[in-house]
Every structure is written in C-alpha cells, then in structure tokens.
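model the structure of this input:
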Amino acid sequence: MTYCKKIVSLSLIIFFSIFSVVYAEIVKEIQVKGNERVSDKSIEMFTNINIGDNIDNDDLNQILKNVYDSNFFNNVKINFKNNVLIILVEESSLVENVTINGPKSKTLIKELVEKLKVKSRSSYNEILFLEDKKNITEALKQKGYFFSKVDVVIEKLSDNKINLTYNVEMGDKAKIKKISFIGDKIFKDRKLRSVIVSEEYKFW
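I've put the predicted structure just below:
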C-alpha cells in the first residue's frame, strides 16, 4: 500500500514538473502600448525580461510589479500570447511645479521642499504624495507648530501635466511654560536644563 502511494506521489510530481516546463514559453517579441513620455526601451528595461527568455505565470506577475515600481504609471496590464509579451501602460501625470505657500521663512520652505518625494519634473504618485503631505505636518511639529494645517491644490495642465501647491497654515507655535524634573535626582534642575534641547518660554 505504501509502495503504491509512493508511485502515485512520484507520478504527480513528474506530471506537475512536465506541466510547468510545457507552460513556460519563450519571449519572441515585446510590444509596448499606451506610452507617450516614457520610451519603449525604458519600459522594456523595467521588465527585466529579454527576447529569448522563458517566462511563466510567476514571471508575468514579477514583470507587472517591476513596471509598477518604476512609479511612472497609474495603470499597467500585461498580456502574453503567441510568444508576444504585450505591455499596456497608462502614464502618471508629470509634475511641472511644486510650490509651498504659508511659511514666511525661506529657509523653512527650502527644508520642506527637500523632504518631498514628489518633486518638480517627476511623475505624480498618489502614495508618495500622501507621504509628502504627512511629512510636511510632521516637520512643522518638530519645529513647534503642532496645530498646522496643510491643504493641497492640484492644477491640471495640458499634455498630462500638473502643478502641486501646498497651502500651509502654520498656526501658533507651541511654547513650553515650565519644565519640571521628578524622581530621584543626582544633578540639580539647573544642570539638567542645560543638557536638554527644549527650554521654557521667556517673554524677553
């Protein structure tokens, strides 16, 4: 009985191995459709696949992921039929300009712009854009502006281009009224205050 089970198991392994080999096909041609700004060669490079490669379902999934990860496209579809790999893409908008309004300090504006992932002359990415909006708020909190608000205006231009404008309301800067140290202390309060970054607000 055990011998029979081994034969059946071995047969199944051989069957699935043969099936996998038969299913894998050679890429004889790569066609790219829907692109305007990004070249065919660039998209082919993103796939990490060359003419003559054997590909299967797992490879198709990886190709789809590779093209998406380039951050140049809103939508990507892959089709492989008759040894022809067809890549249909929908390009993301190109960000023409990024502007931050609100802060009076040019140095602060420069710092905020440097933290952005979606910059001028880059492709718009919704996930990275939301991270940028959050990072601006976090950066302002680190500077004491805990009640700041960030609104974004997306202006659509021709040729699938956009302008991004961040309108920042700084709000009042939080001030530390008093710093107290509790618990057993080896050092005096004055000494402890001298080694921390924060300090109490003084009207002068």
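
dump stretch 126-135 to CSV, keeping only the CA atoms.
The C-alpha trace of stretch 126-135 is given here as CSV (Å, rounded to 0.1, in the frame of the first residue of the first chain):
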residue,chain,number,x,y,z
GLU,A,126,-0.6,59.1,-5.1
ILE,A,127,1.1,57.1,-2.3
LEU,A,128,4.2,59.2,-2.3
PHE,A,129,2.1,62.4,-2.4
LEU,A,130,0.2,61.4,0.7
GLU,A,131,3.5,60.7,2.4
ASP,A,132,4.8,64.1,1.5
LYS,A,133,1.7,65.8,2.9
LYS,A,134,2.1,63.9,6.2
ASN,A,135,5.9,64.6,6.3
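
what average pLDDT does it get?
For stretch 126-135, the mean pLDDT works out to 93.

contacting residues around that stretch?
71, 115-118, 150, 152, 164, 166 (CB atoms under 8 Å, 6 or more residues apart in numbering). No exception for glycine: its C-beta is placed from N, CA and C like everyone else's.

which of these has the most neighbours?
Counting neighbours by other CB atoms under 10 Å, Leu164 leads those with 23 neighbours.

buried sites along stretch 46-56?
Judged by neighbour count using 16 or more other CB atoms under 10 Å, the buried positions of stretch 46-56 are 46-47, 49, 55.

in helices, which of the contacts of stretch 126-135 fall?
Lys115 (DSSP state H).

re the thing from before, columns secondary structure, pLDDT and distance to Val32 on top of the buried residues of stretch 46-56, output as JSON lines?
JSON lines is the format used below for the buried residues of stretch 46-56 (DSSP: H, G, I helix; E, B strand; the rest coil; pLDDT from 0 to 100; distance: CB to CB, whole Å):
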{"residue": "Phe46", "secondary structure": "helix", "pLDDT": "95", "distance to Val32": "10"}
{"residue": "Thr47", "secondary structure": "helix", "pLDDT": "95", "distance to Val32": "9"}
{"residue": "Ile49", "secondary structure": "coil", "pLDDT": "93", "distance to Val32": "12"}
{"residue": "Ile55", "secondary structure": "strand", "pLDDT": "91", "distance to Val32": "16"}
